[in-house]
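A.B. asks: Got a predicted structure here, sequence first:
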Amino acid sequence: MSTIRLTMAQALLKFLDAQYVSVDGEETKFVKGVMGIFGHGNVTGLGEALERSAGDLAYIQGKNEQGMVHAAAAYAKQRNRRQIFACTTSIGPGALNMVTAAATATVNRIPVLLLPGDNFATRQPDPVLQQLEVAGDYTVSANDPFKPVSKYWDRIVRPEQLMTAAVQAMRVLTDPAETGAVTLALPQDVQAEAYDYPAAFFEKKVHYMDRRPPAREAVRRAAELAAGRRKPLIVAGGGVHYSGATEELRTFAEAFGIPVAETQAGKSAVPWDHPLNMGAIGVTGALAANRLAKEADLIIGVGTRYSDFTTASKSAFANSEVVFININVSGFDSVKLNGTALTADAKEALTALQEALTALDYRSGYAEGEFAGLKRKWDAEVDRLYDVQHEAGLAQTRALGVINRTIDPSSVVVCAAGSLPGDLHRLWRSAEPKTYHMEYGFSCMGYEVSGAFGAALADPFREVYALVGDGSYLMLHSELVTSLQEGRKITVLLFDNHGFQCIHNLQRGHGSDGFGNEFRYREASTGRLSGGYLPIDFAAHARALGAKAYKAETAEELEKALQLAKQESVTTLIEISVVPGTNTDGYESWWNVGVPEVSVSGKVLAAHQEMKARIQAARPY
């Protein structure tokens, strides 16, 4: 047997460089490269291998461990999970900084490969710098927290263990039903140890992401269930995009006259102006979709995991006779809400179910113009919110209207946390697929700038915009520098509303007077953060990092800044001053957040009683 003597780190890179995926006959190199921040846990092992033995793998220098994993996840998401970046860090705090982003990827079903350094397997320099010592279990290290947030976890304590671990890692990373974060903990000494690896281990490997067809009996059961239902509603989730099933979804909806509602991950699957697109659903939903959901007797979920925002804490589907058909490649998701499972690839399942329903001569039973009237009213409401005037300054919804009407329809908008996801889900008018990039599985603050950089890497021929609140920007913006370093322009649209206003609104909506969520000075008289707003010059900060920057306080200034930003060749930030509390809310939705049963505030007690009534009306499981 022919062998090649390499260090474990060199062998890992050589293996990754030879991995490919094939979807519908189209072959793609699976691992584009490695993002990394070096420290004593990886610089002399994996770092040396990247310097001298990287093959065709690109190397990108991250600036924050969490940020670079967000960028890698955004890259994979924008590429429909068909190409990834690996991420490497040192041991200890460098590794732990990736845990939040690992969970973000796993919750969103996005593949990322994490390669943190680990303690010495020999334990000779014990304890090594940054080692986490657990007296009762000496096998525990700072990498063990990755276990609950990874879909596969392994520690390579001998160089030959790499072979089985790498194969299992690729199995998970390329499985649409199981994918998420994969962590291979790499002890510092083992990275540098050599082994005679079989040459066959490094041969080109193609992983066939075959579409899972639906079982014939499952299609029959679903079709028979749907046949007796007159008011169906499709809930389009992220699986529509990952399957590449946007055309099949539109064709299916048109064939039977079924309106479509979109989740955060599913948005842009159908153009906003399509007559069957009823807009967003759930807590951040549009009035049209939410009203149809209340009356629907059949929900056809396509590639959705039915988060509590989609189901409005299980209160959205109020018809006592409603049933669910769940099309999902994951059996875990296809059985939710006690639904009839159609466990299959979305494209395959939609095609098969359409054939079965056509054979039954099925057609929805909506009255003529029933949902068309709802759509017209909602479109008029969006127009109103896009044009709203506020005496105190620029309303957030008006700012979004200016942006939506000014940027190119093919541009990608990236967002994740705060009040912006709700407004974007409700109001943003997506004309093309893959132009709406929302991380809302974790709604992780700090994803926005990093995610925009990752999306720009994945889709370099589109303009990419990060829509981010001042709170999220302050939490994590470091990959803005990486975008400058790599020459991948992003435009950061920073909404300055002086704090964590989304949660401030949530507080006040449940009995609070507002506490601890605005960026204010501490008042000596009260001892609370209730003084004047902190004056922060975000544009100056961006310029100091090397970006171009503009400011906008009016709709006219914002439109001009957007036009100027588009002409810039490097990453640009526009600081947009918006009036706090001018975001959207309501539209017949509800979110169960838990309200205290005991309080000195009558407002809190009243909110608790309302919560109890809502829970009684919602689905129990």
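C.D. replies: Yep, it's here.

A.B. asks: what about the helices in the stretch 351-500 of the chain?
C.D. replies: For the stretch 351-500 of the chain, the helices defined by DSSP state H, counting those that start in this stretch occupy 370-386, 396-406, 420-427, 447-458, 470-475, 479-486.

A.B. asks: now, of the ones you listed, which is deepest in the fold?
C.D. replies: Neighbour counts (mean count of other C-beta atoms under 10 Å) averaged over each of the helices of the stretch 351-500 of the chain peak at helix 447-458, with a mean of 31. Backbone N, C-alpha and C define where each C-beta goes, glycine included.

A.B. asks: does residue 1 really touch residue 198, like I thought?
C.D. replies: Yes - between residue 1 and residue 198 a contact is recorded at 5.7 Å, counting by C-beta atoms under 8 Å.

A.B. asks: These two: which has the busier surroundings?
C.D. replies: Neighbours were counted for residue 1 and for residue 198 using other C-beta atoms under 10 Å; residue 198 has more, 12 against 6.

A.B. asks: Helix, strand or coil: sort out residue 116 for me.
C.D. replies: With DSSP: H, G, I helix; E, B strand; the rest coil as the basis, residue 116 sits in strand.

A.B. asks: Now for the spatially closest residue to residue 532 that is not a sequence neighbour: which residues touch it?
C.D. replies: Of all residues not flanking residue 532 in the chain, residue 521 sits nearest, at 5.6 Å (C-beta to C-beta, 6 or more residues apart in numbering). Taking C-beta atoms under 8 Å, 6 or more residues apart in numbering, we find residue 521 in contact with 529, 531, 532, 534.

A.B. asks: Following the lowest-mean-pLDDT helix or strand in the chain in sequence, what is the next regular element?
C.D. replies: Every helix and strand of the chain was ranked by mean pLDDT, DSSP states H and E. The lowest is helix 501-508, at a mean of 83. The helix or strand immediately downstream of helix 501-508 is helix 538-545, counting by DSSP states H and E.

A.B. asks: Could you tell me the angle between the very next helix or strand once past that following helix and helix 396-406?
C.D. replies: The first helix or strand that comes after helix 538-545 along the chain, using DSSP H and E, is strand 548-552. Strand 548-552 and helix 396-406 meet at an angle of 130 degrees, taking axes from the mean of the first three to the mean of the last three C-alpha atoms, to 10 degrees as the criterion.

A.B. asks: Could you tell me which strands sit next to strand 548-552 in the sheet, and their orientation?
C.D. replies: Strand pairing for strand 548-552, determined by DSSP bridges: strand 572-577 (parallel).

A.B. asks: Next, the angle from the partner strand to helix 479-486.
C.D. replies: 150 degrees.

A.B. asks: Figure out how far the next helix or strand after strand 572-577 is from the centre of its chain.
C.D. replies: Downstream of strand 572-577, the first helix or strand assigned by DSSP H and E is helix 602-617. In terms of C-alpha atoms, centre = their mean, to the nearest Å, the centre of helix 602-617 is found 31 Å from the chain centre.

A.B. asks: ok, residues contacting helix 602-617?
C.D. replies: 313, 315, 318, 509-512, 590, 592, 594-597, 599.

A.B. asks: next one: stretch 351-364
C.D. replies: Contacts for stretch 351-364 (C-beta under 8 Å, 6+ apart): 213-214, 219-220, 222-224, 226-227, 230-232, 248, 251-252, 255-258, 325, 327, 342, 344.
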